[in-house]
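Trainee: I'll drop the sequence and a predicted model, then ask my questions.
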Amino acid sequence: MEVVILSGNKQIGALAADAIEALLVRKPNAVLGLATGSSPLPVYDELARRHQESGLDFSQAHAFALDEYVGLEPGHPESYREVIRREFTDRVNIDPANVHSPDGAAEDLPAACQAYEDTMRELGGVDLQILGVGTDGHIGFNEPGSSLASRTRIKTLIEQTRKDNARFFKSIDDVPHHVVTQGLGTIMDARHVVLIATGAQKAQAVRDFVEGPVAAICAASVLQMHPHATILIDEAAASSLKLADYYRHTYDNKPKWQTI
Ligand SMILES: N[C@@H]1[C@@H](O)[C@H](O)[C@@H](COP(=O)(O)O)O[C@@H]1O
């Protein structure tokens, strides 16, 4: 796990975008894993800027969203399918047919979850997965207690997550209780994982998943077992880390040729 402490959103967005740009140059038909939430927005803004200003090309790329609410009517502005479209994919030249989301409106949800896993596998798996983290350490919607080997499935949200996400809805009563999410095992199959966390409200979750034990109580801690996980955080999110100075020292002395 590489922890990179940066001064702000712009730096985080630029570094993550560098990794995605290098991937797309190397492999134009790369498979990207997309997350919702406010944390990845600087990355999407920077990628959209590079697309508009320098022609960064997504025409052959594929994308898979991490998760989706269950029970929102199709086209609901807060469904993650819509959020991903609005915040990112409509702003670059990715083919809409290549943008996949779990189907939270499927009649047979377990079958839809299996089909989602199958499509990911058929396309060769995710090359680079963008992640945020919940205040309880969830990634995707893998709440505490999620199996570290889980695959795409239905989950029930913890009350705190519903409260955290109520800001996107008229009231907390409108936040669904159920979701479908890629599992922790699914996320672990991505070849490179880039997790972004900013702000003091994430400091405890960051401390727990980076430096605490690997345990289902903090889902993101499974990333300690990932061969290529990059954690991009700002100073506020880094404020509870024991080894913050060591992470800074390591990054400052990284050979120039070595990317994240
Ligand atoms: N399912 C999403 C997660 O993928 C996201 O990481 C989390 C944090 O969101 P934010 O980045 O807005 O704090 O919110 C939701 O619960």
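Mentor: Sure thing, it's come through.

Trainee: what does the chain have sitting close to the ligand?
Mentor: When proximity is defined by C-beta under 6 Å from any ligand atom, the chain lies next to the ligand at 35-39, 66-67, 132-134, 140-141, 161, 165. C-beta coordinates here come from the backbone N, C-alpha and C atoms, glycine included.

Trainee: Show me just the buried residues among those residues.
Mentor: 35-37, 39, 66-67, 132-134, 140-141, 161, 165 (16 or more other C-beta atoms under 10 Å).

Trainee: Which ones among those map onto helices?
Mentor: In this view, those that belong to helices under DSSP state H are 161, 165.

Trainee: As a check, name the ranges of all strands in the chain.
Mentor: Counting by DSSP state E, the chain has strands at residues 2-6, 31-34, 62-65, 67-69, 99-100, 128-131, 153-156, 178-181, 192-197, 229-234.

Trainee: export the ones you listed to CSV and tack on distance to residue 80 and mean pLDDT?
Mentor: Listed next are the strands of the chain as CSV, based on distance: least, C-beta to C-beta, whole Å; pLDDT from 0 to 100:
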stretch, distance to residue 80, mean pLDDT
strand 2-6, 26, 98
strand 31-34, 9, 98
strand 62-65, 6, 98
strand 67-69, 5, 98
strand 99-100, 11, 98
strand 128-131, 13, 98
strand 153-156, 14, 98
strand 178-181, 9, 98
strand 192-197, 17, 98
strand 229-234, 21, 98
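
Trainee: a markdown table for the ones you listed, including distance to residue 44?
Mentor: Below are those laid out as a markdown table (distance: least, C-beta to C-beta, whole Å):
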| stretch | distance to residue 44 |
| --- | --- |
| strand 2-6 | 17 |
| strand 31-34 | 8 |
| strand 62-65 | 11 |
| strand 67-69 | 17 |
| strand 99-100 | 13 |
| strand 128-131 | 9 |
| strand 153-156 | 25 |
| strand 178-181 | 20 |
| strand 192-197 | 11 |
| strand 229-234 | 14 |
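
Trainee: picking up where we left off before, closest one to residue 187 out of the buried ones among the residues of the chain next to the ligand, please.
Mentor: Nearest to residue 187 out of these is residue 140 (C-beta to C-beta; 6.4 Å).

Trainee: Need the per-residue pLDDT for the closest one.
Mentor: Listed pLDDT for residue 140 reads 98.

Trainee: Test my guess that it contacts residue 67.
Mentor: Yes: Residue 140 is within contact range of residue 67, at 4.6 Å (criterion: C-beta atoms under 8 Å).

Trainee: Find residues that contact each of the two.
Mentor: Taking C-beta atoms under 8 Å, 6 or more residues apart in numbering as the criterion, residue 140 and residue 67 both touch 181, 182.

Trainee: any idea how far residue 99 lies from residue 85?
Mentor: According to C-beta to C-beta, to the nearest Å, residue 99 stands 7 Å off from residue 85.

Trainee: Tell me which of the two has more neighbours.
Mentor: residue 99 (21 against 16; other C-beta atoms under 10 Å).

Trainee: Helices of the stretch 1-150 of the chain, start to end?
Mentor: Along the stretch 1-150 of the chain, counting by DSSP state H, counting those that start in this stretch, helices occupy 9-26, 41-54, 80-87, 109-122.

Trainee: Report how many residues lie close to residue 40.
Mentor: For residue 40, using other C-beta under 10 Å, the count is 24.

Trainee: and what of residue 75?
Mentor: Neighbours of residue 75 (other C-beta under 10 Å): 8.

Trainee: Could you double-check that it sits in contact with residue 85?
Mentor: No: between residue 75 and residue 85 there is no contact under C-beta under 8 Å: 10.2 Å.

Trainee: Lovely, talk soon.
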